[in-house]
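S.K.: Mind folding the following:
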Amino acid sequence: MRAAVLEGKRKFVIEEVPEPVLEKDEVLIKVQYCGICGSDLHVFKEGAGVGFGHEYSGDIVGMGPDVKGWRMGERVAVEPIISCGECFWCQRGELGLCEQYFIALVEYKGAFATYAKAKYYHLHKLPRGLSYEEGTIIEPTTCALHAIKVAGMQKGDIVAVLGLGPIGQLVARVAKASGAKAVYASEVSPLRLKMARGAVDEVIDVKLTNPVDRILELTDGRGPDIVFECAGAVATTQQSIALVRKGGTVVIVAICFETVELPVSNINLRGLTVKGSMCFSPGEYAVALKLIKNNKIDVAPLLRRKMPLAKINEAFEMALRGEGGKILIKP
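M.R.: Okay, the predicted model is just below:
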């Protein structure tokens, strides 16, 4: 089969590799589409020796002897769980904090390939009317849903989303669908600004308007109840603390590897809560699937760019430039 193999920084090569060998409780999936995640971009930029390609959908074409409840040819989306399920954090439902997570990530073989394998109990049937493309965006929607849960958002809250990459777009949409009174969002990319218009109450082009000033103006100087940092940048991390209301909550959703200087006194003097959100918890994937299936959120504007495996390097460079929304690879 064909698979994308990372050879150093910002360089995939397409190679012929052996098909995955199934364990007794695994299925073989012919991959229809696999989305590029923000975490994949970090791997791509650094040439890191860890797995990538986990937002995928496809068809069952092989099954181990212990697989139950599935048939050959069924359309599925995959809940990509690599946590051990046994450590302290897994027992608490915090799968992204698993003690074995990064060890497992090194061994993970992803779905930028003709075939991928998964445990049968991590599969979700794609309902009639739900496309393969929509199947790929269930997992990032689950991460957005988890961020909303971590924030403790209530109906009637005012929310700000800083950064409108795919996760920011989904956080904004899920917040609105979950009963936020208003959702204000900021972004630098013209395409991403366009994708968010109509989905949130106001989209702020940071090239033209200071987002902190504008959102404070929209909230009568008080600030939003919750700010989601979804850009993974120094500036937006600093803006999050400056922007949120007294007693409000900041949720760091994106990953910023740079050092960020913050006036820490603002946290206690203004009674702030700052949380990180990582991956998702058990049961949230099924909820995210229903949100998309029942048209509670509109993901179609995010799914307009599809590229073949042979152009995966071009696709990743586009994603790094903030182009194309959620870019899908079709092996």
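S.K.: quick one, strands of the stretch 151-300 of the chain?
M.R.: For the stretch 151-300 of the chain, applying DSSP state E, counting those that start in this stretch gives strands covering 158-162, 182-187, 202-205, 226-229, 249-252, 273-276.
S.K.: a markdown table for those strands, including distance to Leu130 and mean pLDDT?
M.R.: Quick note: C-beta positions are derived from backbone N, CA and C, even for glycine. Shown next, in a markdown table, are the strands of the stretch 151-300 of the chain (distance: least, CB to CB, whole Å; pLDDT from 0 to 100):
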| stretch | distance to Leu130 | mean pLDDT |
| --- | --- | --- |
| strand 158-162 | 25 | 98 |
| strand 182-187 | 25 | 98 |
| strand 202-205 | 27 | 97 |
| strand 226-229 | 26 | 98 |
| strand 249-252 | 28 | 98 |
| strand 273-276 | 31 | 97 |
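S.K.: could you dump these to a markdown table with mean neighbour count?
M.R.: Formatted as a markdown table, the strands of the stretch 151-300 of the chain follow (neighbours: other CB atoms under 10 Å):
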| stretch | mean neighbour count |
| --- | --- |
| strand 158-162 | 29 |
| strand 182-187 | 26 |
| strand 202-205 | 18 |
| strand 226-229 | 30 |
| strand 249-252 | 24 |
| strand 273-276 | 15 |
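S.K.: Which one of those strands lies nearest to His146?
M.R.: For His146, the closest of the strands of the stretch 151-300 of the chain is strand 249-252, at 9.8 Å, according to CB to CB.
S.K.: Can you name every helix or strand that the closest one contacts?
M.R.: Using 3 or more CB pairs under 8 Å, 6 or more residues apart in numbering; DSSP states H and E, the elements in contact with strand 249-252 are helix 138-151, strand 226-229, helix 234-243, strand 273-276.
S.K.: Select, out of the strands of the stretch 151-300 of the chain, the one closest to Ser83.
M.R.: Nearest to Ser83, of those and by CB to CB, is strand 273-276 at 16.5 Å.
S.K.: C-terminal to the lowest-mean-pLDDT helix or strand in the chain, what's the next element?
M.R.: When the helices and strands of the chain are compared on mean pLDDT, DSSP states H and E, helix 101-107 comes out lowest with a mean of 73. Sequence order places strand 115-119 as the next helix or strand after helix 101-107, per DSSP states H and E.
S.K.: gap between that next one and the chain center?
M.R.: Once both centres are worked out by CA atoms, centre = their mean, to the nearest Å, strand 115-119 turns out to sit 20 Å from its chain's centre.
S.K.: and what of stretch 167-183?
M.R.: Centroid separation for stretch 167-183 versus its chain: 14 Å, with CA atoms, centre = their mean.
S.K.: Any buried residues in it, and which?
M.R.: By neighbour count with 16 or more other CB atoms under 10 Å, stretch 167-183 contains the buried residues 167-178, 180, 182-183.
S.K.: Now the two most distant members of these.
M.R.: That would be Ile167 and Ala182, which, of these, are the farthest apart (CB to CB) at 19.9 Å.
S.K.: Buried residues, stretch 151-160. List them.
M.R.: Neighbour count says stretch 151-160 has 151, 153, 157-160 buried, by 16+ other CB under 10 Å.
S.K.: quick one: terminal-to-terminal distance for it?
M.R.: Start-to-end span of stretch 151-160 (CA to CA, to the nearest Å) is 12 Å.
S.K.: Identify the residue nearest the geometric centre of the chain.
M.R.: For the chain, the residue nearest the mean C-alpha position is Pro140 (3.1 Å; CA atoms, centre = their mean).
S.K.: thought Glu258 was touching Val234?
M.R.: Yes: with contact defined as CB atoms under 8 Å, Glu258 reaches Val234; the gap is 5.4 Å.
S.K.: Which one of the two is surrounded by more residues?
M.R.: Applying other CB atoms under 10 Å to Glu258 and Val234 shows that Val234 carries more neighbours, namely 14 against 8.
S.K.: picking that back up, out of the helices and strands packed on strand 249-252, which is closest to Glu46?
M.R.: Nearest to Glu46, of the helices and strands packed on strand 249-252 and by CB to CB, is helix 234-243 at 18.2 Å.
S.K.: so how far is the closest one from its chain's centroid?
M.R.: With CA atoms, centre = their mean, you get 21 Å for helix 234-243.
S.K.: thought the residue nearest to the centre of the chain was touching Leu170?
M.R.: Yes: the criterion here is CB under 8 Å, and Pro140 meets it with Leu170 at 5.7 Å.
S.K.: For Ser281, which non-adjacent residue is spatially closest?
M.R.: Ranked by CB to CB, 6 or more residues apart in numbering and with sequence neighbours excluded, the top spatial neighbour of Ser281 is Gly93, at 4.4 Å.
S.K.: what does Lys11 give?
M.R.: Nearest non-adjacent residue to Lys11 (CB to CB, 6+ apart): Asn313, at 6.9 Å.
S.K.: which secondary structure elements does the helix or strand hosting the one you found contact?
M.R.: Assigned by DSSP H and E, Asn313 belongs to helix 312-320. Judged by 3+ CB pairs under 8 Å, 6+ apart, the packing partners of helix 312-320 are strand 12-16, helix 38-46, strand 305-308, strand 327-330.
S.K.: Perfect, that will be all.
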